[in-house]
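Just to be clear, the model below is a prediction. Sequence and coordinates:
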Amino acid sequence: MAGGLTSFMRPYAQTQLLLYFSLTYVQVLCWTYIYSDKTMSWTDAEAWCKTKSQKMMLIVNEEENNYLKNHLPKQYYWIGLRKTEGIWKWHGAEKNLTGNGFWAPKEPNSKTKDEDCVEIYINNNQNNGKWNDDSCSKQKYALCYNASCFNNSCGNNAMCVETIGSYTCKCNPGFTGPKCTEVQCPPLAIINGRMDCSHHRHTNSYISTCSFSCEEGFELSGSHKTLCDHNGQWTHSTPNCTAILCKALRVPHGGIVSCHRGNSTICTVQCPSDYLLLGVHEYTCRPDGSWSPFQPLCASFKHMLVASAGGALFSTICCCMFCSSYCRTRNKSVRQNDRQEEMNPAYDASDAPLEVPLSSV
């Protein structure tokens, strides 16, 4: 081959490409791999790939890795993965290594401080197609690739992923379909409640969020919030707003309760013919689940007479006790006044002699 260059593609295109490279080398618009026929350091390998208008090998999936181990001659090849500031990065693509990679057992191990570059084993043992970190100054074959992904290959809503001889478009989160159109969740509605939504791009699009609350007199059953996920599904079902009900209104001594529902539950109370209703005739269930104040009571006339007699007797006893206490207090006060008069000589004026007028002296 011209220029010490070896290349390969998928089997059905291999012969044609080899013939083409025997004439001259140019960049082709499909994914091809080339490798050197001489060993060199990792830095020299990167420079060698650039002279061929290609980049050092980028391996993003198992299909690519398997293709390499099944078609490359048995050697040790530098690939574009290198450690920079403690992070494994694909040089030329400016991407970090994602996933676990295809490391050989107990690799990467950094046996020496400068094992910052990565090779791929192509051999007959169990490590065929596995990766190893090694010193960048070691001598290995350069392995390069020509990308089929370009800036406009998949548009703004997808990531271009290299495949053997072609590429696929992997839609970004929130986009779906062959053209990666935007995901949209189904519309939401809540009865007897309110919904407040924030839409990331448009109504019910990916990452849209909605919060729920109920009208007065209703309580929420379910999640208060939901989010439109990348599959076009809400993370939580729409909650229900159920009416808040008061406990059954009970009236002692045979009271009859009749209820009807309007904006809220209203109940009326009736007592049997020989009973008297103590309280109001109508009660309303409040929004918080409590009845309007003063619970009703049905009292019989017999009970009312006994209560009245008891009340009168109690009043009489209280009156007598008050009068008795008042009289005792009054008598005590009078006695104390009399005693003070007896002890005061100013009140015994009849026993004192009259003073002789000064004019008679």
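Sure thing, it's come through.

residues touching the residue nearest to P73 when sequence neighbours are not counted, list them.
Distances taken as C-beta to C-beta, 6 or more residues apart in numbering place I122 nearest to P73, at 6.9 Å, with adjacent residues excluded. To be clear about C-beta, it is placed using only N, CA and C from the backbone, and glycine gets the same treatment. Residues counted as contacts of I122 (C-beta atoms under 8 Å, 6 or more residues apart in numbering) are 68-69, 72-77, 128-129.

Now stretch 179-188 - C-alpha only, CSV.
Output of stretch 179-188 as CSV, limited to C-alpha atoms (Å, rounded to 0.1, in the frame of the first residue of the first chain):
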residue,chain,number,x,y,z
LYS,A,179,-36.8,12.9,13.2
CYS,A,180,-36.5,13.5,17.0
THR,A,181,-39.6,15.6,17.3
GLU,A,182,-40.4,16.8,20.7
VAL,A,183,-42.1,14.6,23.3
GLN,A,184,-45.5,15.9,24.6
CYS,A,185,-47.5,14.5,27.5
PRO,A,186,-51.3,14.1,27.3
PRO,A,187,-53.5,17.1,28.6
LEU,A,188,-54.5,17.2,32.2
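
how about the helices in the chain?
11-23, 42-51, 62-71, 301-343 (DSSP state H).

and the nearest residue to C214 once chain neighbours are set aside, bridged to which residues?
Closest residue in space to C214, ignoring its immediate chain neighbours: C241 at 3.9 Å, by C-beta to C-beta, 6+ apart. Note on C241: beta-bridge partners L220, judged by DSSP bridges.

quick revisit: would you turn the contacts of I122 into a markdown table with neighbour count and pLDDT?
What follows is the contacts of I122, written out as a markdown table (neighbours: other C-beta atoms under 10 Å; pLDDT from 0 to 100):
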| residue | neighbour count | pLDDT |
| --- | --- | --- |
| L68 | 24 | 89 |
| K69 | 17 | 89 |
| L72 | 19 | 91 |
| P73 | 11 | 92 |
| K74 | 10 | 92 |
| Q75 | 17 | 92 |
| Y76 | 17 | 94 |
| Y77 | 24 | 96 |
| N128 | 17 | 93 |
| G129 | 20 | 92 |
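
from these, which is closest to E62?
Using C-beta to C-beta, G129 comes nearest to E62 of the contacts of I122, at 9.4 Å.

and that closest one, what are its phi and psi?
The phi and psi values for G129, taken as degrees, to the nearest 10, are phi 80, psi 10.

contacting residues for the spatially closest residue to it that is not a sequence neighbour?
Nearest residue to G129, sequence neighbours excluded (C-beta to C-beta, 6+ apart): K69, at 3.1 Å. Counting by C-beta under 8 Å, 6+ apart, K69 touches 120, 122, 128-129.

Mind doing that once more with 10 Å?
With contacts defined as C-beta atoms under 10 Å, 6 or more residues apart in numbering, the neighbours of K69 are 102, 120-123, 127-130.

C160 is in contact with T168, correct?
Yes: applying C-beta atoms under 10 Å, one finds T168 in contact with C160, separated by 7.8 Å.

Now the common contact residues for the two.
Joint contacts of T168 and C160 (C-beta under 10 Å, 6+ apart) are 149, 153-154.

Got a PyMOL select line for the buried ones in those residues?
A single PyMOL command selects the buried members of the shared contacts of T168 and C160 (16 or more other C-beta atoms under 10 Å):
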select buried, resi 149+154
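
Which of the shared contacts of T168 and C160 sits closest to G279?
The closest of the shared contacts of T168 and C160 to G279 turns out to be C154 (C-beta to C-beta; 76.0 Å).

Quickly, which of the helices of the chain bottoms out on average pLDDT?
Lowest mean pLDDT of the helices of the chain: helix 11-23, a mean of 31.

For K83, which non-adjacent residue is closest in space?
D116 (4.1 Å).

can you tell me which residues contact the one you found?
D116 touches 42, 81-84, 86, 88, 108, 110, 133-136, counting by C-beta under 10 Å, 6+ apart.

Pull out the buried members of those.
Neighbour counting with 16+ other C-beta under 10 Å marks 42, 81-83, 88, 108, 133-134, 136 as buried within these.

As CSV, these with distance to G279 would be great.
Below are the buried ones among the contacts of D116 laid out as CSV (distance: C-beta to C-beta, whole Å):
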residue, distance to G279
W42, 94
L81, 85
R82, 88
K83, 85
W88, 81
P108, 85
D133, 88
D134, 93
C136, 94
